[in-house]
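**Q** sequence unknown, structure follows:
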């Protein structure tokens with residue numbers, strides 16, 4: 001199963017699942033940004049707690065109120081360097 005990163009402001013989620021379209025990515029961020037005990041995360045993706053950065057295949061940045069952290073910016077730059085397209089959702 002593909003692995004990617006979904007960035008929202010100063011927060012990010014490592015996601016196991018296919019790259020979502022931008023509308024779905026925004027929906028995922030909204031859902032995962034609010035703790036909902038007992039709710040499944042998404043039908044087609046799961047938050048992963050441990051992955052290798054070399055395995056990331058996709059990235060989407062959803063703008064938030066906070067700036068992206070320097071560590072995540074560095075990771076996104078590494079992904080760009082590997083030729084991975086970084087999509088941005090407003």
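**A** Perfect, I can see it now. Keep in mind the model is a prediction, meaning the values are calculated, not measured.

**Q** contacts and neighbour counts: CA atoms only from here.
**A** Noted.

**Q** give me the below-cutoff pLDDT ranges for the chain.
**A** 34-44 (pLDDT under 70).

**Q** where do the strands sit along it?
**A** 3-8, 11-16, 46-47, 56-62, 86-89 (DSSP state E).

**Q** run the chain-centre distance for the last one.
**A** In terms of Cα atoms, centre = their mean, to the nearest Å, the centre of strand 86-89 is set 10 Å apart from its chain centre.

**Q** show me what that strand is packed against.
**A** On a contact count with 3 or more Cα pairs under 8 Å, 6 or more residues apart in numbering; DSSP states H and E, strand 86-89 meets helix 22-33, strand 56-62, helix 70-81.

**Q** between those, which gets nearest to residue 8?
**A** strand 56-62 (4.9 Å; Cα to Cα).

**Q** quick one: strands adjacent to that closest one?
**A** strand 3-8 (parallel), strand 86-89 (parallel) (DSSP bridges).

**Q** could you pull up the contacting residues of residue 23?
**A** By Cα atoms under 8 Å, 6 or more residues apart in numbering, the contact set of residue 23 is residue 89.

**Q** look up how far residue 59 lies from it.
**A** 14 Å (Cα to Cα, to the nearest Å).

**Q** over to residue 2?
**A** Residue 2 sits 11 Å away from residue 59, going by Cα to Cα.

**Q** okay, the strands paired with strand 56-62, which one's buried deepest?
**A** strand 3-8 (a mean of 24; mean count of other Cα atoms under 10 Å).
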